[in-house]
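Enquirer: Sequence and predicted model, in that order:
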Amino acid sequence: MSNHDIDTKRLGDYLQDYIPGLGDDLQAEKFAGGQSNPTFKLTSGDQHFVLRRKPKGELLKSAHAVDREFRVISALAGTDVPVPHAYVLCEDDAVIGSMFYVMEYKEGRILWDPTLPEIETPQERASIYDSMNATLAALHNVNVEAVGLSDYGRPGNYFERQVSRWSKQYRASEIDTIPDMETLMKYLVNNMPPDDGSVSLVHGDYRLDNMMFAHDKPEVIALLDWELSTLGNPIADLANQCMAWMLPSEGSMRGLSDVDRVALGIPSNEEYIAKYCERTGRTEIQNWNFYLIFSLFRLAAIVQGIRKRAQIGTASSAEADARGDLVYPLAAMGVSLIP
């Protein structure tokens with residue numbers, strides 16, 4: 001077990017006021033993987049918690065917003081969206097060197113591969129995807145005013161703001177000129193669909209491995225990693241998930257493009273979208289191709305950020321350099337979808 005430069009004595013002293021019964025034997029173990037906010041399992045006796053912190057060092061503006069994660073998890077307590085209990089947000093860098101929050105540790109399964117090779121039957125795979133669909137619908141059906149999140153995002157066209165944001169983030173982490181990224185930024189600005197007025201809480205990175213499933217049944221018990229959450233158009237989450245499934249089944253970003261989904265019990269994108277629309281009261285989704293292209297561009301911009309952090313030495317995973325190279329095929333896939 002490694003404390004990864006966390007002063008557990010100082011941290012334990014700080015947490016005494018927020019976690020009843022916490023012992024003086026606190027230990028911290030970093031979870032493997034993850035590129036953005038380093039995440040640790042905290043242990044004290046038979047008690048377990050999770051700590052998420054900002055990385056140390058030079059950071060891109062508005063990235064690593066653990067304070068926003070804490071706020072949204074706290075607000076969703078008691079809704080139909082499964083989230084861990086949030087204990088405390090610490091904005092004092094003096095405690096462990098950067099802002100962090102502590103939340104409940106959930107016992108469950110993280111499923112990394114969308115083909116679900118560890119699941120034995122097509123029926124259970126179908127149920128896992130249905131639970132994932134139901135959780136997404138529950139998120140988008142949350143009354144943001146009722147849970148105190150009406151100011152969680154800015155008003156105005158969500159996709160205009162998102163294209164502007166991720167273009168700026170990409171420029172801030174740009175290492176070399178990538179023609180396909182230039183093409184995507186131009187296309188997205190020039191083909192922006194009209195704002196349809198849809199506003200909901202948007203997760204921002206809704207995918208299989210950002211949720212935890214129960215050990216004994218195909219049910220989502222915790223939706224995790226809220227760093228990119230905001231108020232906006234809910235179709236962004238749906239497109240982000242369906243976009244990820246367009247990727248090949250091999251590689252560091254595994255998809256479903258080259259597998260037999262029927263045989264595996266995994267719904268087609270069309271079936272998944274139809275079920276989502278049924279649960280959220282939608283009749284159709286217009287401009288779907290634009291949303292897919294935007295999702296690929298955004299993911300490429302995020303990956304470019306990982307690539308930049310690897311270059312300057314602040315990436316939290318040893319895989320960051322290799323994953324950063326995915327910006328090229330992601331941007332090319334986005335360009336291939338332009339009519």
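Expert: Arrived safely, thanks for sending. Small disclaimer: the values here were computed from a predicted structure and weren't measured. Numbers count the residues shown, from 1 in each chain.
Enquirer: The biggest helix by length in the chain - what's its average pLDDT?
Expert: Determined from DSSP state H, the single longest helix within the chain is helix 288-312. Mean pLDDT, computed over helix 288-312, is 90.
Enquirer: Tell me how far that helix lies from the chain's centre.
Expert: 13 Å (CA atoms, centre = their mean, to the nearest Å).
Enquirer: Kindly report the same for stretch 70-78.
Expert: With CA atoms, centre = their mean, you get 16 Å for stretch 70-78.
Enquirer: one step back: for the longest helix of the chain, packing partners?
Expert: Applying 3 or more CB pairs under 8 Å, 6 or more residues apart in numbering; DSSP states H and E, one finds that helix 288-312 makes contact with helix 158-172, helix 179-190, helix 235-244, helix 320-324, helix 327-336. Placement of C-beta: from N, CA and C, glycine included.
Enquirer: buried residues in it?
Expert: 288, 290-310 (16 or more other CB atoms under 10 Å).
Enquirer: still on that earlier bit, could you export the helices and strands packed on helix 288-312 as JSON lines, including mean neighbour count, mean pLDDT and distance to Tyr18?
Expert: What follows is these, written out as JSON lines (neighbours: other CB atoms under 10 Å; pLDDT from 0 to 100; distance: least, CB to CB, whole Å):
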{"stretch": "helix 158-172", "mean neighbour count": "18", "mean pLDDT": "94", "distance to Tyr18": "33"}
{"stretch": "helix 179-190", "mean neighbour count": "17", "mean pLDDT": "98", "distance to Tyr18": "43"}
{"stretch": "helix 235-244", "mean neighbour count": "24", "mean pLDDT": "94", "distance to Tyr18": "31"}
{"stretch": "helix 320-324", "mean neighbour count": "18", "mean pLDDT": "59", "distance to Tyr18": "32"}
{"stretch": "helix 327-336", "mean neighbour count": "20", "mean pLDDT": "94", "distance to Tyr18": "40"}
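Enquirer: circling back to that earlier point, next, the angle from the longest helix of the chain to helix 327-336.
Expert: Per axes from the mean of the first three to the mean of the last three CA atoms, to 10 degrees, the angle that helix 288-312 makes with helix 327-336 is 160 degrees.
Enquirer: C-alpha coordinates for the helix or strand where Arg71 lies, CSV please?
Expert: Per DSSP states H and E: Arg71 is located in helix 66-76. The C-alpha coordinates for helix 66-76 follow below in CSV (Å, rounded to 0.1, in the frame of the first residue of the first chain):
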residue,chain,number,x,y,z
VAL,A,66,-13.7,18.3,-7.7
ASP,A,67,-15.7,21.0,-5.9
ARG,A,68,-18.4,20.6,-8.6
GLU,A,69,-18.4,16.9,-8.3
PHE,A,70,-19.0,17.2,-4.5
ARG,A,71,-21.8,19.6,-5.0
VAL,A,72,-23.7,17.5,-7.6
ILE,A,73,-23.3,14.3,-5.6
SER,A,74,-24.6,16.0,-2.5
ALA,A,75,-27.6,17.5,-4.4
LEU,A,76,-28.6,14.1,-5.9
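Enquirer: helix or strand right after it?
Expert: Downstream of helix 66-76, the next assigned helix or strand under DSSP H and E is strand 86-90.
Enquirer: Not counting its neighbours along the chain, what's nearest the residue most central in space within the chain?
Expert: Nearest residue to the geometric centre of the chain (CA atoms, centre = their mean): Asp205, 2.9 Å. Spatially, and ignoring its direct neighbours in sequence, Asp205 is nearest to Leu228 (5.0 Å; CB to CB, 6 or more residues apart in numbering).
Enquirer: ok, the residue nearest to the centre of the chain - contacts?
Expert: Residues near Asp205 by CB atoms under 8 Å, 6 or more residues apart in numbering: Asp225, Glu227, Leu228, Asn240.
Enquirer: For it, what are phi and psi?
Expert: As for Asp205, its main-chain torsions (degrees, to the nearest 10) stand at phi -150, psi 50.
Enquirer: Which pLDDT value belongs to it?
Expert: Per-residue pLDDT puts Asp205 at 90.
Enquirer: next one: Met1
Expert: pLDDT, read off for Met1, is 37.
Enquirer: Over to the one 10 residues further on?
Expert: Among the per-residue scores, Leu11 shows a pLDDT of 96.
Enquirer: And the closest residue to it other than its chain neighbours, how close does it get to Leu188?
Expert: Leaving aside its chain neighbours, Leu11 sits nearest to Ile96 (5.5 Å; criterion: CB to CB, 6+ apart). According to CB to CB, to the nearest Å, Ile96 and Leu188 sit 39 Å apart.
Enquirer: do the same with Leu149
Expert: 27 Å.
Enquirer: Over to the closest residue to Tyr187 other than its chain neighbours. Which of the three states is it?
Expert: Nearest residue to Tyr187 in three dimensions, chain neighbours excluded: Ile338, at 5.5 Å (CB to CB, 6+ apart). Look at Ile338: counting by DSSP: H, G, I helix; E, B strand; the rest coil, its state is coil.
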